[in-house]
Each structure stands twice: as structure tokens, then as C-alpha cells.
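K.L.:
Give me a 3D structure for the following:
(chains A and B)
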Amino acid sequence: MPTLSEAASKELLGAFRVPFPAEHRVATADAAVEAAAALGHPVVVKLGGDAIAHKTERGLVRLGLGSADAVRDAADALLAAATPDDGEVHLLVAPMLRATRELIAGLHDDPQFGMTVMLGVGGILAEAVADVSFRLAPIERTDAEEMIDDLALQALLGPFRGEPAVDRDAVAEVLLGLSEAAAARPDIASADLNPLLVVDGRPVAVDALVELR
Amino acid sequence: MGAGSERFRALFEPRGVLVAGASSHPGKFGFVSLHNILACGYSGKVFATNRDGGEVLGVRCVTDVADLPDGEIDLVFVCTPAAANPDLLRACAKKGITAAFIASAGYGEAGEEGLAAQGELVALADELGILLAGPNGQGVVSPPVGLCAQIVGPFPPPGRIGIASQSGNFVSSFENYAQLTGVGVSRAVSAGNAAAVGVPDYLEYFADDPATAVALAYVESVGDGRAFSERLRGVAARIPVVVVKGGASTGGQKAAASHTGALASDDRVFDGAMRQAGVSRAATVEQGFEVAATFASQPLPRGNRVVVITTVGGWGVVAADAIAGTDLELAPLPADLMAAVDALLPPRWSRNNPVDMAGGETRDTVPEILRLAAEHPEVDAVLFLGMGIQSNQAKLMREGPFWPDHGLERIVGYHERQDARYAEATAEISEASGKPVLVATELAVTSPDNPGPATVRAGGRLCYPSANRAIVALDHLWRRSRWLARRGLG
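P.N.:
You can find the predicted model right below:
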């Protein structure tokens, strides 16, 4: 199944109200430096392309770049790391968001139940923690609210380490947006918002991966 | 009700029953089914066929269905070999029979040939207008009309729980719990191979069935999960549906490219689908029955605030712990309720929820405190713990060497009347307030003839074997109540 690039995935899901950070898609290191200056440091720079799906595993994500020089070095290195198999590539420059809480959300086409919407506790331990809730798409607002209630780690959703409580309505909006995307685009086979960071209580998806049929 | 419902009525409330393949051998299905139909109080006419004629259990067997009266039989219970069944169904249809329970094996469970025979039988039944239950099932019971057309025990007491199961043995398990607890059954059916009629079909009928208030199902495979969920949602919008799912842990995570897919185990997706559909999913078989029995015998709570009333402290503490693990809430004791209870008990009572009466209760205070709690607008449900203690001691006296002298007869009678009275009060107060009032004591299991649990049982309610089991059941009621309310169905 073909996967969309991060940029194309975000473009698709962004049209359904999934919140992504302001992000610049550029072709050169110079343009990356300019974009970082516009966003304000620190930033994240990633190598993107239609054939690039698992960036973290390949070291194609550079975090916490605090100066123009750091951005330039990272951009040069990322462009040099591209292989012929990656096809056309670009650089994504995004603000470095700080969050102690991570959620995960997505779409999964179940062989028995068809398209489902998922919400879970995210982060690198997401699969081990497996605190997740599924519903069959399409979902209604009540379903989205109940998915949030289903999570066992409710303490994560309240006020946490000096940060405000998670805006449950905003999380419900993300789930409803995913559900709408699945309804409008039957060619979507799966979608991941991982991580869905909680920044000042609001969900922001800093990565997206959409698989098409 | 449509023609479909009429045929289900022929299955569950037949005017007459025919056992096809009645046998004089007491170990055969054809004997056992006839025995059970005759032994359990069925008031309709009973007929039988046998290849050689003769008589079984006093029923004269015909060799040919054509010799039976027209229009007196609704249901045929089929024990004959698979090869004989197509002709049998044709003959039955001519007699006006509209439902068949096929106990015979040799169908879909028996390889390709059996599967082909099953397909042909389904098509034939459809053409003849016969509802085809089974094949390869253990039978159907309908206690309100004394129908026990099944090849296993027990025959449960009549009640309002409708049971459908993909495993005949779980029908039997639920029937055993019904017998143990006295909370009875309206219909129970083993779906067998579910060739034509599956669990969702039975559940949809239960929603139409005036005799059934709650549906209880055991399922292992759901086939088209989306269709299954949508149909159960339709049922759950009308009556409570309790599902126990077998094989919950076998479908592990699939190999998936996406993280979402990797997290999508069969069980998590099933669980989410059931929550969405408003189905109460029970974790175990006994929990499934207890939740269904609670739906059948208690009103739905309108909120989640519970008051626990106990005669001694420890039970209340454990009940509070159990509540903490659910969506229920231990209600903060309202000031006016606190003051009212204070006026009834010596100062050593807990002055908190759980209301620990600390042995300070007298004859009238227990019912009075139960009533005050249940009637309070800031309380949604009441759990009463500690009933039957005095009667348990009384039992030792009644069975001991000093009975009935030394004043024993008088005190024993007093304690036994008290516990029965407390039990009656819980039911009366629940009815008057329209709120759930649950009673839990291990005596429900260890000493079911204790006047406390025995009186709860006589009133048609479940006496829970422990506080935590009562709380789990009540939590399911609250979640359904909330599901209905949030969707404007309450």
C-alpha cells in the first residue's frame, strides 16, 4: 500500500481540522535557515519525500536546533542522507514543541469491523502501555468524548506538572476530524497521528502518516 | 410483529411440539428431549415420530408425519439423521409447522459434505417458511410456558432474561446460575451452527418479545463485525444487552505498518464496538449472568452516586474500594441525610459513607436508614451489606443441642423475622424510590436458606455473593443509563 509523505499526510488530514504546527516545506539549506528564523528557534528539521515513511528509524529527524548554524548543518546532513530510492525529497522546518504528555490517534481498517478511529496514550511506550480506545467510524461527538473517558490514565488528562488539563473538546475534534477524513476519502487505509502532543493543554500532531489503498 | 416474529413465537411458545426421531433408549437425544418436554410442565400437545412406531414415555409414535393432526403443532424438535431431514421438513410444513430446532449433527461442523447438506437445508426451510434453529444445537427452553426442548439440564425458573449462545454449554451455565439465584429466564436457545438464525437474530426477537426484558449472549465469532455491532446497537437501544465474548485473547496484534494498526487487537476493537453500541460486555460468565440478572430486577440508576450501608465496618471499606475501580462514586453524605441518620443511631456510627451502623442499629433503624438514603435526591443507588448475620447465629441455635429451651426459640424466631424483614424492605424501598437497592452477603451462596438471602430471592432479586460483585453489576447499569441519556434514548 502506498504511503503519503509526512507533508502530504498533513495536508490531507489538515483539511479535516487536525491541528498541525505551522511548518515550512523547503528545498534547500538556505531556505531552511530562513524558515527557522521566521518561526523562531529552536526548530525541528526533517527530511521528507513521498517514499520516506519511517524517518526516526533512519535518523532523518533533527530536534532542538537552536541557531542558524545548527539548522544549516542539519539541513546539509539530511539532504546528503537522501538515497536514490527516496526519490524527490524536501526539508520540513517546524517549531520545536515542548510537551510532557503525548497521545496517539489514528485510523485503522479492521478486517472484521471495517474502519475504526483510535485514541491512545502515546510516546515511545505506547504499544507496551496499550492504553487505547477504538470506535467504528463514523463516530459522533458523544463517541469521541467517551473514547477520551475510556483511557485508563485519566491522571494524564488532568492538570499535570504545571500544565493545564487537556482540552477534551479539542481532542474530540481531532477524533471527529479523523472520522470525517475516513468518510470523505475511502481510499485511506490507515492514518497515524503519532505523537499527538499536548501543548499547553491542546493537542497538536507533530507527525502524520497516511497509507492509501 | 412481522412474520419473522411469528415464527420465533412458534419456536419459543409453540402450541404443540413434535419430537422427530423419538427413541426408547434413555441415552439418546430422541429420548432425552422428549423426556424433558414431558417432565417440565409444558401444557401444549406433544407428538413423536419413530421409524418403528411404538410408544416412548407414554407417547404413541407415528412412523409418518402425515399421520399427525393438521394445524396443532408449531415446533419440530429434530433428532433424526441429517439425510432424513429434508423430507421431514417438507412433511412438517404440510402440517403447519413453522419452526424447527435441529439437534442433529452431521452438518457444517462435519466437513464439506455436511456444509453442503446444511446449505440445502437452509434453502429448503426458507422455501417452506420454516424458521430453522441449529443445526447441531442443544435446544430451546421457554420457562414461562414450561417448554424444555433441550437435551441438557437444568430447566431454569421462569423470568425475564432471554439467552442466546453460540455454545450450548454456556446456555446450560447461565441456566445453572438462574437456578442458583432464582432470577429466571424467559427464553434460552443454543444457536448451534447458526446456519440460518444467529445470535443477533435471537436478540432482535428478544427486543420484540414481551416476555423478555434483558438479552444475554455468549459469542465467540462475530463474522461481519460491523453488521453485528449495528444490529446489537439496535437491540441495545430497546433492551439491555449483555455479551460475554469467548476467545477474547486469541486475536493478538496484527502485523501492521501503522502504529494504530499495531495497537488494534481483536479484543480492543471488539470492546470499543460494544461500548459504542451500548452493549454491556461482561468479563466472565458469572458476571454476565449477574449483570443480566441486575438489569432484570433493578431499576436503572439515574446517576452514579452510591451510598453503602453496612452493619460492620470492614465490608463497607471493601465496598468503597470496589467503587473506586468503577465509574460509580461513593456519594458524599448530604448534611440533612447525615443529621437524619444521626438521630437514629448511637454516636459511634461512621458519620460518613459507607454508613457503618457499628452494631448500633435496632429493629426499625435498618429499614428507616435504607429508606432515607434511597429517597434522598443526591443519592442514586444503595448497597446494603451485613444482612443475615443474626439468622446465621440463629441457625446454630436451631440446630444445636439446647434447642428450643433456654429462650432459644424466641430469639431465633426474632432474628429470622428481622432478616426477612430487612430483605423485604430493600425491595419495597427500591420500588418506592425507583432506585437500585442491592444486597450483598456471602450467605447468598454459603447459606441460601438463610431468611435474608432467601427472602431477597423470593422477591425475584439477586442477592449478591459479595459487595464487589454487586458493585460491578451496578456499574454496568450506570454505564447503560449514561449511554442512553447521552443519546437521548433514556
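K.L.:
can you dump the C-alpha coordinates of the lowest-mean-pLDDT helix or strand in chain A into PDB?
P.N.:
Using mean pLDDT, DSSP states H and E, helix A:126-129 stands out as the lowest-scoring helix or strand of chain A, at a mean of 88. Extracted in PDB, the C-alpha atoms of helix A:126-129 (Å, rounded to 0.1, in the frame of the first residue of the first chain):
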ATOM      1  CA  ALA A 126       2.600   3.500  23.600                       C
ATOM      2  CA  GLU A 127       2.500  -0.100  22.400                       C
ATOM      3  CA  ALA A 128       3.700  -1.500  25.700                       C
ATOM      4  CA  VAL A 129       1.200   0.700  27.700                       C
END
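K.L.:
List the buried residues of that helix.
P.N.:
Judged by neighbour count (16 or more other Cβ atoms under 10 Å in any protein chain shown), helix A:126-129 contains these buried residues: A:A126. The C-beta positions use only the backbone N, C-alpha and C, and glycine is treated the same way.
K.L.:
Could you list the residues in contact with whichever helix or strand comes after that helix?
P.N.:
For helix A:126-129, the succeeding helix or strand toward the C-terminus, using DSSP states H and E, is strand A:132-136. The list of residues contacting strand A:132-136 from outside it, by Cβ atoms under 8 Å, 6 or more residues apart in numbering or on different chains, reads A:104, A:108, A:113-121, A:143-144, A:146-148, A:150-151, B:226, B:229, B:263-264, B:268-269, B:271-273, B:275-276.
K.L.:
Strands - which of those residues land there?
P.N.:
With strands identified by DSSP state E, the entries of the contacts of strand A:132-136 that belong to them are A:104, A:108, A:114-121.
K.L.:
among the contacts of strand A:132-136, which ones are buried?
P.N.:
When the contacts of strand A:132-136 are checked for burial by 16+ other Cβ under 10 Å, the buried set is A:104, A:108, A:113-121, A:143-144, A:146-148, A:150-151, B:226, B:229, B:263-264, B:268-269, B:271-273, B:275-276.
K.L.:
so the longest strand belonging to chain A versus strand A:114-121, what angle?
P.N.:
Of all segments of type strand in chain A, defined using DSSP E, the longest is strand A:188-199. Counting by axes from the mean of the first three to the mean of the last three Cα atoms, to 10 degrees, strand A:188-199 lies at 20 degrees to strand A:114-121.
K.L.:
list the helices and strands strand A:188-199 packs on?
P.N.:
Taking 3 or more Cβ pairs under 8 Å, 6 or more residues apart in numbering or on different chains; DSSP states H and E as contact, the helices and strands that strand A:188-199 lies on are helix A:6-14, strand A:101-110, helix A:168-184, strand A:202-205, strand A:209-212, helix B:259-263.
K.L.:
Please render these as CSV that adds distance to A:V43 and mean pLDDT to the earlier fields.
P.N.:
Supplementary listing: the helices and strands packed on strand A:188-199 in CSV, determined by distance: least, Cβ to Cβ, whole Å; pLDDT from 0 to 100:
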stretch, distance to A:V43, mean pLDDT
helix A:6-14, 15, 93
strand A:101-110, 19, 96
helix A:168-184, 23, 98
strand A:202-205, 15, 96
strand A:209-212, 21, 94
helix B:259-263, 24, 83
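K.L.:
any idea how the chain splits into domains?
P.N.:
Using chain A. Chain A breaks down by automatic domain parsing into domains covering A:22-95, A:101-212.
K.L.:
My question was about chain B, not that one.
P.N.:
According to automatic domain parsing, chain B is divided into the following domains: B:1-143, B:152-297, B:299-486.
K.L.:
Give me whichever of those is most buried.
P.N.:
Greatest average neighbour count among those goes to domain B:152-297 (a mean of 22), per mean count of other Cβ atoms under 10 Å in any protein chain shown.
K.L.:
Spell out which residues of chain B are next to chain A.
P.N.:
Applying Cβ under 8 Å from any Cβ of the partner chain, one finds that chain B approaches chain A through B:222-226, B:229, B:256-264, B:266, B:268-273, B:275-276, B:486-487.
K.L.:
in chain A, which ranges drop under the pLDDT threshold?
P.N.:
Counting by pLDDT under 70, chain A shows low-confidence ranges at A:53.
K.L.:
Recalculate using a threshold of 90.
P.N.:
Scanning chain A for pLDDT under 90 picks out the ranges A:1-3, A:5-7, A:22-23, A:48-59, A:82-88, A:98-100, A:123-128, A:160-162.
K.L.:
Next: chain B.
P.N.:
Applying pLDDT under 90 to chain B picks out residues B:1-6, B:108-110, B:167-168, B:221, B:223, B:246-266, B:311-314, B:358-364, B:490.
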